[in-house]
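Colleague: Next input, structure requested:
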Amino acid sequence: MRIARLGCLLLLSGLAFAAQAKMVHKPVEWTLDGTRFRSVLVYDDAVSAKRPALVMVPNWYGVNDLALTKAEGIAGKDYVVLVTDMYGATTRPKNDQEAQAAVKPLYGDRSLMRKRVSYALDQLKAQAKDAPIDLSRLAAIGFCFGGSAVLDLARAGADVAAVVSFHGGLATDNPDLAKQIKARVLVFNGADDKGTMPDADKFMDEMRGSKADWQFVVLGNAVHCFTETDQHREGCAYDERAAKRSYRMMGDWLRGAFTNTP
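Modeller: Numbering: from 1, shown residues only. Prediction:
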């Protein structure tokens, strides 16, 4: 009877511990060129082991509840994810018009985009003193506008193992920057994405001119926004099949990059 009671107590204590475990949302703030940025570090505190860390740049709506939910799904028990503010703490677009206004200065000045996303990587590294981050395994992922941003991080010569772009813009202001790429580059775009695919040939020529280990994956029947669960418009729509396939390939790509295997 005592053994049974002891077993019950251990089970209940284990359940209590599991209930306490949760996804941490830790604000991470910094100031760059007089602008204050407010990002969020996301990870599962049920796991104490150090793990790879990702700079994640969301779509053009920036840091919001949907971006944080996506980061939780990606982080799981495998990654620490910095959901990165590229606009500044006072800019949180609520509609397409506001989002377009927010990204315009960054698309208009790609050196500014590279500077901000590179600084975000530095801030992610700085979190290793408090969060379970393995500094030897760093990467960056981005969605739509965020895909453009992480490709520019790679072009800036960032010392990360990999960058992964989902339905991101492929154009660059300077194709020669690709010669600086150190990361493995994985890019996913929908075959029917009329906004990004016109730049596909130029992007592949850019990659051919680099020394990067790169893959360009075209997902059949998919349009823009295929990972964005809230989008169901013509030309910008969630596609469960394309999303799941691309996430699975991302996982394989990151594992290979972190272990330096094919």
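Colleague: which residues of this structure fall in strands?
Modeller: 23-32, 35-44, 51-57, 80-83, 133-143, 162-166, 184-190, 214-219, 232-233, 236-237 (DSSP state E).
Colleague: can you put the ones you listed in CSV and add mean neighbour count, mean pLDDT and distance to residue 66?
Modeller: Yep, even glycine has a C-beta here, placed from its N, CA and C like the rest. As requested, those are arranged in CSV below (neighbours: other C-beta atoms under 10 Å; pLDDT from 0 to 100; distance: least, C-beta to C-beta, whole Å):
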stretch, mean neighbour count, mean pLDDT, distance to residue 66
strand 23-32, 14, 98, 14
strand 35-44, 20, 98, 13
strand 51-57, 28, 99, 12
strand 80-83, 27, 98, 10
strand 133-143, 22, 98, 10
strand 162-166, 29, 99, 14
strand 184-190, 26, 99, 19
strand 214-219, 17, 98, 21
strand 232-233, 10, 98, 14
strand 236-237, 18, 98, 14
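Colleague: quick one: which of those strands is nearest residue 257?
Modeller: strand 162-166 (3.8 Å; C-beta to C-beta).
Colleague: Pairing partners for that closest one, with directions?
Modeller: Its sheet considered, strand 162-166 pairs with strand 133-143 (parallel), strand 184-190 (parallel) by DSSP bridges.
Colleague: As a markdown table, those strands with distance to residue 151 would be great.
Modeller: Formatted as a markdown table, the strands paired with strand 162-166 follow (distance: least, C-beta to C-beta, whole Å):
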| stretch | distance to residue 151 |
| --- | --- |
| strand 133-143 | 8 |
| strand 184-190 | 7 |
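Colleague: returning to that earlier point: got the strands of the chain as JSON lines, with distance to residue 253 columns?
Modeller: Shown next, in JSON lines, are the strands of the chain (distance: least, C-beta to C-beta, whole Å):
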{"stretch": "strand 23-32", "distance to residue 253": "24"}
{"stretch": "strand 35-44", "distance to residue 253": "20"}
{"stretch": "strand 51-57", "distance to residue 253": "12"}
{"stretch": "strand 80-83", "distance to residue 253": "16"}
{"stretch": "strand 133-143", "distance to residue 253": "9"}
{"stretch": "strand 162-166", "distance to residue 253": "6"}
{"stretch": "strand 184-190", "distance to residue 253": "5"}
{"stretch": "strand 214-219", "distance to residue 253": "7"}
{"stretch": "strand 232-233", "distance to residue 253": "28"}
{"stretch": "strand 236-237", "distance to residue 253": "24"}
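Colleague: what about these, which gets the closest to residue 262?
Modeller: strand 184-190 (10.4 Å).
Colleague: how distant is that closest one from the center of its chain?
Modeller: On the basis of C-alpha atoms, centre = their mean, to the nearest Å, strand 184-190 sits 12 Å off its chain's mean C-alpha point.
Colleague: how near is the residue lying closest to residue 243 once chain neighbours are set aside to residue 58?
Modeller: Nearest residue to residue 243, sequence neighbours excluded (C-beta to C-beta, 6 or more residues apart in numbering): residue 227, at 4.6 Å. Residue 227 sits 11 Å away from residue 58, going by C-beta to C-beta, to the nearest Å.
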